[in-house]
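In: task: produce atomic coordinates for the following.
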Amino acid sequence: MAKVLVIGSGGREHALCWRLKQSPSVEQVFCAPGNGGIAEDVTCVSLKTPQEIIAFCKERAIGLVVIGSEQPLVEGWADRLAAEGISVFGPSFSAARLEGSKGFMKGICQKYDIPTAAYGFFRHDEFDKAKDFLWHQYGQNKNIVIKADGLAAGKGVYIPTNLQEAIKILTSMLSGDLAGDSGKTVVIEEFLEGEEVSFFALSDGETAVEFGYAQDHKRAYDGDQGPNTGGMGAYSPAPIMTPALRKTVMETIIYPTVAAMKKEGHPFKGVLFAGLMLTKSGPKLLEYNVRFGDPETQALMMRFKGDLYSVLLACANGKVLDLVGSEDTSCAVCV
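Out: Modelled structure (predicted):
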């Protein structure tokens, strides 16, 4: 029987702990740091650094560490744990750049013909070039999206309604006023029209399998009003994702990404969370996250069938397993 440690403190981690606790091969689940709700289901422990986590794992003979949020991954915690012989579900520092840098992700897409929005990438000292790019886009009657290159806790994406607003946002981003250091480099890309879907696949560095898909509500208020958030709720499955469309996503986006990351020397082990826009010309990649999404995970874990521990451990050890589908439906609401 195995012991598992989940790192994080949100609804996503609560859902993962809840499902892992039901795995027949799991004896005990810990969560660091967890929260009051998580503490009702599993044992919460106060661990704040990789060194503390490594010591705890060795002391308690932890069989698997599951890193829930993006910040520890882009800081290289998975590498630190793996170097100590600890099995960890989550990508390496170099592979986590798929989320840690939107410029890196767009560069992979461009080099390996993965469908995504046309874009420009600009540093804080390239304001004039970025401004010229905006002029050109609006001159062609194209709406645009401005994104902070780095992590911004779900708040680094801006959709201006006109050129003047775009220049104001760009100025604030590149100066660091709007999104801190994360926004001092930006991606400016074309605005894609269609329906947005969250698509999840597990990868062992060599290949990938579909894990599930969902749609979330991003605006803070009812009626699609208010600012964008990291997600106010989610439901799964998304009816718009037909079997043919899911096959297309795997063949044109997920498989090519896994192959590209391996070829570039950054094999990806963990969960690939593809934010997709279903356009008239087919699915296009908006962004990658390198961990389970919140709130999508809450909906996905309700539908998951099987031994989650065995699935995540196999993935971490380089042998992704086929998954059993579910006909259930679920909905999660953020309160």
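In: contacts only, for the closest residue to residue 91 other than its chain neighbours.
Out: Among residues not flanking residue 91 along the chain, residue 270 sits closest, at 4.3 Å (Cβ to Cβ, 6 or more residues apart in numbering). To be clear about C-beta, it is placed using only N, CA and C from the backbone, and glycine gets the same treatment. Contact analysis of residue 270 by Cβ atoms under 8 Å, 6 or more residues apart in numbering lists 73, 78, 89, 90, 91, 95, 202, 203, 290, 291, 315, 316.
In: quick one: the third one from residue 170, how far?
Out: Meaning residue 89. To residue 170, residue 89 is 37 Å away according to Cβ to Cβ, to the nearest Å.
In: then the fourth one?
Out: To residue 170, residue 90 is 33 Å away according to Cβ to Cβ.
In: then residue 183?
Out: Distance from residue 183 to residue 170, counting by Cβ to Cβ: 9 Å.
In: could you do residue 99 as well?
Out: Applying Cβ to Cβ, the value for residue 99 to residue 170 is 22 Å.
In: so where does the residue nearest to residue 91 fall, helix or strand?
Out: strand 269-279 (DSSP states H and E).
In: run through who's touching whatever helix or strand comes next after that strand.
Out: Going down the chain from strand 269-279, the next helix or strand is strand 282-289, by DSSP H and E. Outside strand 282-289, the residues that touch it by Cβ under 8 Å, 6+ apart are 70, 98-99, 102, 105, 109, 114-117, 147, 192, 196-197, 245, 248-249, 252-253, 257, 272-277.
In: tell me the buried residues within these.
Out: Buried members of those, counted by 16 or more other Cβ atoms under 10 Å: 70, 98-99, 102, 105, 109, 114-117, 147, 192, 197, 245, 249, 252-253, 257, 272-274, 276-277.
In: just the ones of the residues you listed in helices?
Out: Residues from the buried ones among the contacts of strand 282-289 lying in helices, with DSSP state H as the criterion: 70, 98, 99, 102, 105, 109, 245, 249, 257.
In: tell me the one among those nearest to residue 128.
Out: Taking Cβ to Cβ as the measure, residue 128 lies nearest residue 102 of those, at 21.2 Å.
In: so the closest one sits against residue 146, correct?
Out: No - in this structure residue 102 lies outside contact range of residue 146 using Cβ atoms under 8 Å: 10.8 Å.
In: overlap of the contact sets of the two?
Out: Common neighbours of residue 102 and residue 146, counting by Cβ under 8 Å, 6+ apart, are residue 187.
In: that older thread, so which of residue 89 and residue 170 has more stuff around it?
Out: Between residue 89 and residue 170, counted using other Cβ atoms under 10 Å, residue 89 has the larger neighbour count: 28 against 24.
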